[in-house]
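Undergrad: heads up, no residue letters with this:
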C-alpha cells in the first residue's frame, strides 16, 4: 500500500479505476482504525494518569 496517490503498478484483474477506488477505501478504513486505536490509547493513558 502506498501513502498517497494511485497504486504503484497495474493490479491484475482490476481496471485502474477499480484499483484506485479499492485503495481509497483501504486507506479510509486504515485511517479510521488507527484513529480509534489512538483515541483508546489516549483514553487509557488519561485514566491511568488520573488514578495517581
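TA: Okay, I see it. What you are looking at is a predicted structure, and each value in this text was computed from that prediction instead of being measured.

Undergrad: quick one, phi psi at residue 9?
TA: Main-chain dihedrals, residue 9, degrees, to the nearest 10: phi -140, psi 180.

Undergrad: grab the most central residue of the chain for me.
TA: residue 30 (1.6 Å; Cα atoms, centre = their mean).

Undergrad: so how far is residue 41 from that one?
TA: As judged by Cβ to Cβ, to the nearest Å, residue 30 and residue 41 stand 16 Å apart. Where you see a C-beta, it was placed from the backbone N, CA and C, and this is true even at glycine.

Undergrad: thinking again about what came up before, pull out the buried positions in the helix or strand encompassing the residue nearest to the centre of the chain.
TA: Per DSSP states H and E: residue 30 is located in helix 16-50. Residues 19, 23 are the ones in helix 16-50 that count as buried (16 or more other Cβ atoms under 10 Å).

Undergrad: quick one: average confidence on it?
TA: For helix 16-50, the mean per-residue pLDDT is 93.

Undergrad: just how off-centre is it within its chain?
TA: Mean C-alpha position of helix 16-50 versus that of the full chain (Cα atoms, centre = their mean, to the nearest Å) differs by 5 Å.

Undergrad: same check, this time on stretch 38-52
TA: The answer for stretch 38-52 is 23 Å, by Cα atoms, centre = their mean.

Undergrad: which element is the closest residue to residue 22 other than its chain neighbours on?
TA: Spatial nearest neighbour of residue 22, chain neighbours left out: residue 14 (7.1 Å); criterion: Cβ to Cβ, 6 or more residues apart in numbering. Remark: residue 14 resides in no helix or strand, with elements defined by DSSP H and E.
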